[in-house]
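[1] Give me coordinates for this.
(chains A, B and C)
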Amino acid sequence: MPELPEVETWRRLAHRTAVDQTIEQAFCAEDDIIYDRNSPAAVAKILQGQKVIGTSRKGKHCWLDLENGQDLYLHFGMTGSLWWLQPGEPEPSHLKLRLELSDGNRLVYRNLRRIGKIRLLDDAAAVPPVSRLGPDPLGDSFPLADLQAQLAKRKAPVKAVLLDQKVFAGVGNWIADEVCYQAHLNPHTKCDQLTSNQVRELRNSLLKILKKAVAVDADADRFPKNWLFHYRWGKKAECDAKGQKILFEQIGGRTTAWVP
DNA sequence: CTCAGTGTTCAGTG
DNA sequence: TCACTGAACACTGA
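    Numbering: from 1, shown residues only, chains lettered A, B, ... in the order given. Here you go, the predicted model:
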């Protein structure tokens, strides 16, 4: 479920395993998930011999900073993931990118359903989609006053605006629902109808959820037991941890789980 | 067989 | 130009 916490966890993985390593060999699948001025094979050729000097993330987008000044940009879509493999460890299916590092380990990107992107960019932060993102609530300054002003201008349901990457870079469907749940907001509420206390609660809940999810490496099994998260999947659970009925509705074009 | 789905982006409307 | 809605994208699994 690649939303901000998962992507941040993968960025950290890449950071501690690949920074200061040289890419000895690279493989890019012949797949239009890798679209670029260059063919996948040409991208692999450029990657070969490059040292990784850093990692970056904004919202759900992340990239490796290469020694030649370019960025290896990764977007995970709905089903992408990043794996670090030691010698002998088998690779996952649907592998789209493999970096063989100088210490003998591999960093690989896999994507089951091919909604995602791999690109070699001169400056990932300067071009869309990253350049169009609003603040990342964890990585950027995210003042309450700015949020109040933004939301006061929006008439869409709060659930829909939580998914707007220009306002909350990195929030996805389950986080948006979790925020409404923990902040005691009806996801149908129009943003311009929210009281200033509600906006404060929304922001507090969002930051709390993101920090906790990142602190447990986005491992859902370690999310607090009282989070709606554990009860919303598969539409199996009728009730949350307190026995309150969970509703499933379409809001902002997506399935929304909420408790009145 | 049908359909929903963790994300983004575009067309159409107002 | 913007805000908003709904559809499209690709594929799997329920």
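[2] ok, which residues in the stretch 51-200 of chain A are in contact with DNA strand B?
    With Cβ under 7 Å from any atom of the strand as the criterion, the stretch 51-200 of chain A comes near DNA strand B at residues A:59-61, A:75, A:77-79, A:113, A:115, A:128-129, A:132, A:163, A:165, A:172-174. Glycine gets a C-beta too; all of them are placed from N, C-alpha and C.
[3] Just the buried ones out of these, please.
    Neighbour counting with 16 or more other Cβ atoms under 10 Å marks A:59-61, A:75, A:129, A:163, A:165, A:172-174 as buried within these.
[4] for those residues, which one is nearest DNA strand C?
    A:L163 (9.3 Å; Cβ to the nearest atom of the strand).
[5] so that closest one touches A:G172, yeah?
    Yes - counting by Cβ atoms under 8 Å, A:G172 is a contact partner of A:L163 at 7.1 Å.
[6] nearest spatial neighbour of A:L247, skipping sequence neighbours?
    The spatially closest residue to A:L247, leaving aside those adjacent along the chain, is A:W258, at 5.7 Å (Cβ to Cβ, 6 or more residues apart in numbering).
[7] Kindly provide the distance from the one residue in the stretch 101-250 of chain A that gets nearest to DNA strand B to A:F76.
    In the stretch 101-250 of chain A, the residue that lies nearest DNA strand B is A:G172 (1.6 Å; Cβ to the nearest atom of the strand). From A:G172 across to A:F76, the span is 11 Å (Cβ to Cβ, to the nearest Å).
[8] okay, and for chain A, where does confidence drop off?
    Chain A contains residues with pLDDT under 70 at A:1, A:234-236.
[9] ok, longest helix in it?
    When chain A is parsed with DSSP state H, its longest helix is helix A:196-215.
[10] mind checking how far it is from the chain centre?
    16 Å (Cα atoms, centre = their mean, to the nearest Å).
[11] re earlier: quick one: residues contacting the residue nearest to the residue of the stretch 101-250 of chain A closest to DNA strand B when sequence neighbours are not counted.
    Taking Cβ to Cβ, 6+ apart, and ignoring the residues beside it in sequence, A:G172 has A:E3 as its nearest neighbour in space, at 3.6 Å. By Cβ atoms under 8 Å, 6 or more residues apart in numbering, A:E3 lies in contact with A:60, A:170-175.
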